[in-house]
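# next input, structure requested:
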Amino acid sequence: MKDIQVFLIGYVNSSSIKKALDSLNSIDNRINEIIILDIPDALLQLGMTFENAKVKCINLIDNDLGLTLNHYIHLLSCEYVMFLYSYDYLNTNVIKDKLTLNDEKVVMTYDITINNKVIQRPFLTKTSFLQKKPLSLRHHAPFKESVLPSWLLKVNELYIISSRSKLVNQTFIDKTSSNLQKFNFIEKYQQKSEKWKVSPSIAIIIANYNMANYVGIAINSCILQSSLPEQIIVVDDGSNDHSLEIIKEFKNAPGFRFLTKDNGGKARALNAALPYVETEFVMELDADDWLDPDACYTIRRCLENLKEDVAVLYGNLRAWKQNGEENVRYKGVRKGRSILNRNDFLSYVFPLGPRIYRTSTLKDNNGFPLIGFEDGRMYEDVSVLNDLIKTHRLLYKDMTVYNVREHPLSITKRNHSNWSDFLKYLD
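I've put the predicted structure just below:
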């Protein structure tokens, strides 16, 4: 009975591929086909071949793991899909276990542990369920490794069964800094959602201009919060790419609103969102950045009992480097520091973030000021903080829940305006 389709995902060397294929021999009588996704060209150039006619090597469609899997899964008629990752191979226990799911369960998972953190990975899934509930696309997930875990987050816990025995082993555990940071991020998907409203209330505002490759990731990171924000407001600032098409995909998400306007710069776009903010606090999220799944929960805890003279809460930034379309590499954490006066503020290594504003104070300031420098299109964050620090405090908390993406299309990369020239416009 050929009822299982196998996908090998993210395998990077011949020995791990061979180990995985050899282990699958134990269930060969049930395997319909084995697809190795995105095998490195170097392995094929070295002449790596596969004797088993069931094995196929497939390139990713548009470098998109989710899109590629959805495409092939949609064509399947077999009952189950099995996923193995990077250095996985089947344990001999698989022979003893019945690889089936009853009518009530749609996903079987297994655990992988790195540095005392445990992640549930989808292992065996009903094909019919995957066809109804497709995986996240590239413009929804910050990196390939998060595609399946973020999908699992959306599956009702009642439909998931965790394997009671160790079905999968690893030939190697990747403990590079980038992989560990990705692992830590993914582990946060498993935090239980808070179904009730939690004080204080938070809105997230996003100004987008031609960030079609990234804005969906930013929005989706707001939707996949363990403690949901009350509002997500996105303003498209006259984009001429396919940003609007991406943004509209989220129109039915709880608390979501999107606005469009002619291009006028980020400050004007954020000001367009501000009248719609109804929450106690509002956080600014750049369209090319994203939040940890526990960001709102962590921020709410920091906002509890906040003194009335604090206008802005901020913390640390986790920095990533975008390497082409396919890979994002961890660079490090930019630790914030306390700002006690204006001299501290002007000597700060910007950007200061994440920035969570007290809504009433921001509105009293008439939002983000439009100064003469670059027609108000640059350093809007510094301009508004410069206003607020005159009468209020900026409060630093040692939290790291905001991810900054460095890439060639970012404004700071394209615009080399002189900082000293900008300072002349600050009063």
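
# could you use CA atoms for every contact and neighbour count after this?
OK.

# now the closest residue to residue 66 other than its chain neighbours: how far from residue 383?
Setting aside the residues directly before and after it, residue 66 is nearest to residue 137 in space (C-alpha to C-alpha, 6 or more residues apart in numbering), at 4.7 Å. Applying C-alpha to C-alpha, to the nearest Å, the value for residue 137 to residue 383 is 36 Å.

# what's the answer for residue 257, then?
To residue 383, residue 257 is 26 Å away according to C-alpha to C-alpha.

# cool, and residue 95?
When C-alpha to C-alpha is applied, the distance between residue 95 and residue 383 equals 64 Å.

# ok, these two, which is more surrounded?
In this comparison of residue 95 against residue 383, neighbours counted by other C-alpha atoms under 10 Å, the higher total goes to residue 383 at 21 against 12.

# which strand or helix spans that one?
With elements delineated by DSSP states H and E, residue 383 resides in helix 380-388, which encompasses its position.

# what is the helix or strand just after that helix packed up against?
Next helix or strand after helix 380-388 toward the C-terminus (DSSP H and E): strand 393-396. Identification of packing neighbours for strand 393-396 by 3 or more C-alpha pairs under 8 Å, 6 or more residues apart in numbering; DSSP states H and E yields strand 310-314.

# beta-bridge partners for the closest residue to residue 311 other than its chain neighbours, please?
Counting by C-alpha to C-alpha, 6+ apart, the nearest residue to residue 311 once its immediate chain neighbours are dropped is residue 358, at 5.2 Å. As for beta bridges, residue 358 partners with residue 281 under DSSP bridges.

# can you tell me the distance between the two ends of stretch 222-230?
With C-alpha to C-alpha as the measure, the first residue of stretch 222-230 is 10 Å from its last.

# contact partners of it?
Stretch 222-230 is contacted by residues 150, 189, 191-195, 198, 201-204, 232, 253-255, 279, 290-297 when judged by C-alpha atoms under 8 Å, 6 or more residues apart in numbering.

# any of these buried? List them.
Neighbour-count burial (16 or more other C-alpha atoms under 10 Å) applied to the contacts of stretch 222-230 gives 150, 189, 193, 198, 201-204, 232, 279, 290-297.

# re earlier: the residue nearest to residue 66 against residue 63, yeah?
No - distance between residue 137 and residue 63: 10.1 Å, which falls outside the contact criterion (C-alpha atoms under 8 Å).

# the two: which has the busier surroundings?
residue 137 (19 against 15).

# name the helix or strand for that one, please.
Assessed by DSSP H and E, residue 137 sits outside every helix and strand.

# for it, give me its contacts.
With contact taken as C-alpha under 8 Å, 6+ apart, residue 137 is in contact with 64, 65, 66, 67, 147.

# tally of neighbours for residue 332?
Around residue 332 there are 14 other residues, counting by other C-alpha under 10 Å.

# any idea what it is bridged to?
The residues listed as beta-bridge partners of residue 332 by DSSP bridges are residue 319.

# which ones are touching it?
Applying C-alpha under 8 Å, 6+ apart, the residues contacting residue 332 are 318, 319, 320.

# rerun at 10 Å
The contact partners of residue 332, taken as C-alpha atoms under 10 Å, 6 or more residues apart in numbering, are 177, 178, 181, 317, 318, 319, 320, 321.

# pLDDT for these - can I get that in JSON lines?
Converted to JSON lines, the contacts of residue 332 look like this (pLDDT from 0 to 100):
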{"residue": "177", "pLDDT": "93"}
{"residue": "178", "pLDDT": "93"}
{"residue": "181", "pLDDT": "95"}
{"residue": "317", "pLDDT": "97"}
{"residue": "318", "pLDDT": "97"}
{"residue": "319", "pLDDT": "96"}
{"residue": "320", "pLDDT": "96"}
{"residue": "321", "pLDDT": "94"}
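
# closest to residue 162 among those residues?
residue 181 (24.3 Å; C-alpha to C-alpha).

# and the closest one, its phi and psi?
Listed backbone geometry of residue 181 is phi -70, psi -40, with angles given as degrees, to the nearest 10.

# test my guess that it contacts residue 175.
Yes - between residue 181 and residue 175 a contact is recorded at 9.3 Å, counting by C-alpha atoms under 10 Å.
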